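A.B. asks: Next come a sequence and a model predicted from it.
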Amino acid sequence: MQDKLMMQVAEQYNYFQSTLEKFQKPQKYLNYGYSFAKKESYEKRQEQLCREVFRLARLQPQDIIVDVGFGSGEQDFLLASLYPFSKLHGFNIAEKQVEYANHRAVLENLNDRMVFHQAPAEDMSMLTDDSVDKIIAIECAFHFDRPLFYQEAARLLRKEGLLVLADVCFIDRLRFLTKRKRDLQYVGTMTTNRMAWEEYFQTVELININKQTWRGAQQAAYYIALNLFKIKTHTFGEWRTWASLAITSQMVAIGLLTRLLSYDFIVLKKK
Ligand SMILES: C[S@@+](CC[C@H](N)C(=O)[O-])C[C@H]1O[C@@H](n2cnc3c(N)ncnc32)[C@H](O)[C@@H]1O
């Protein structure tokens, strides 16, 4: 992993993983969730976001599935409890998350069907062309070099295979922000992202979910801020990473409410 930004992102998620393990948090999702009601637990919202993505992916028992940016793999263990499938390959750059997911797959006797690779979404070269039926990407594509990722996803998918994303980007009016820093460039705008994916994919569904996601982002900011001052055993690196997630989550909640950010379910079919 040569890229400096990618290494920083991986380090950040390694910190998240080690804290979640240290505190033995039972469900280790790292997304803002999907709300059906005003009062729901954060974990319930997070699980609901994953369930909605699975539903949109129209999973079939014979499917070979790729999950990119799988976090701790929590969503894949949920998937395995809900759907039959043939094989699932996870791709993630954070070593600790990959180790945790592979270990858990062994413990849950799923390691013959689920394997988690430490490799970026932009280079899944261990899998061959036209070998995958469905690719899911839950709240992670804003970390990717999108043109490379869409190209790689299209390479892996069989004809008419689906790529389903739960994805956040800036609205078009904020395009100037994406020209400032590479991490913001990766977030992209709806128009730039769409132009990039439409080189390889046909857009099947594009569903805005700002209304269903802002509460979870707000809840995340609140919980993290609350716990930052309670928990004394963080290393400084972990503390700083969680503090910056609290600030980002608050900004995302405001961005979703004011519609400066767009959170969408995106269902794409390979051309
Ligand atoms: C916000 S978390 C989402 C985790 C999970 N999908 C969930 O919903 O709980 C983003 C994930 O994307 C991973 N990630 C970031 N950049 C990546 C890349 N270039 N390739 C693969 N995974 C990446 C991170 O390590 C992290 O696991």
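C.D. replies: Alright, I've got the coordinates.
A.B. asks: Tell me the secondary structure at G90.
C.D. replies: For G90, the assignment made with DSSP: H, G, I helix; E, B strand; the rest coil gives strand.
A.B. asks: which residues does it contact?
C.D. replies: 66-68, 70, 73, 76, 98, 101, 114-117 (CB atoms under 8 Å, 6 or more residues apart in numbering). (Glycine included, C-beta is placed from N, CA and C.)
A.B. asks: can you check D129 too?
C.D. replies: By CB under 8 Å, 6+ apart, the neighbours of D129 are 155-156.
A.B. asks: Skipping adjacent residues, who's closest to the residue in the stretch 151-271 of the chain positioned nearest to the ligand in space?
C.D. replies: In the stretch 151-271 of the chain, the residue that lies nearest the ligand is A166 (7.6 Å; CB to the nearest ligand atom). Nearest non-adjacent residue to A166, counting by CB to CB, 6 or more residues apart in numbering: I138, 4.8 Å away.
A.B. asks: Go ahead and confirm the residue of the stretch 151-271 of the chain closest to the ligand touches R51.
C.D. replies: No: under the contact definition of CB atoms under 8 Å, A166 does not touch R51, with a separation of 10.9 Å.
A.B. asks: between the two, who's got more neighbours?
C.D. replies: A count of neighbours by other CB atoms under 10 Å puts A166 above the other of A166 and R51, at 26 against 15.
A.B. asks: Just grab the bridge partners of the more buried one for me.
C.D. replies: Beta bridges link A166 to I138, F265, judged by DSSP bridges.
A.B. asks: got a list of what N111 touches?
C.D. replies: Residues near N111 by CB under 8 Å, 6+ apart: 102, 105.
A.B. asks: which residues does the residue nearest to A166 contact?
C.D. replies: Contacts for I138 (CB under 8 Å, 6+ apart) come out as 31, 49-50, 53, 67, 69-71, 75, 165-166.
A.B. asks: and the nearest residue to A119 once chain neighbours are set aside, how many neighbours does it have?
C.D. replies: What sits nearest to A119 in space, not counting adjacent residues and going by CB to CB, 6+ apart, is F91, at 5.3 Å. Using other CB under 10 Å, F91 has 25 neighbouring residues.
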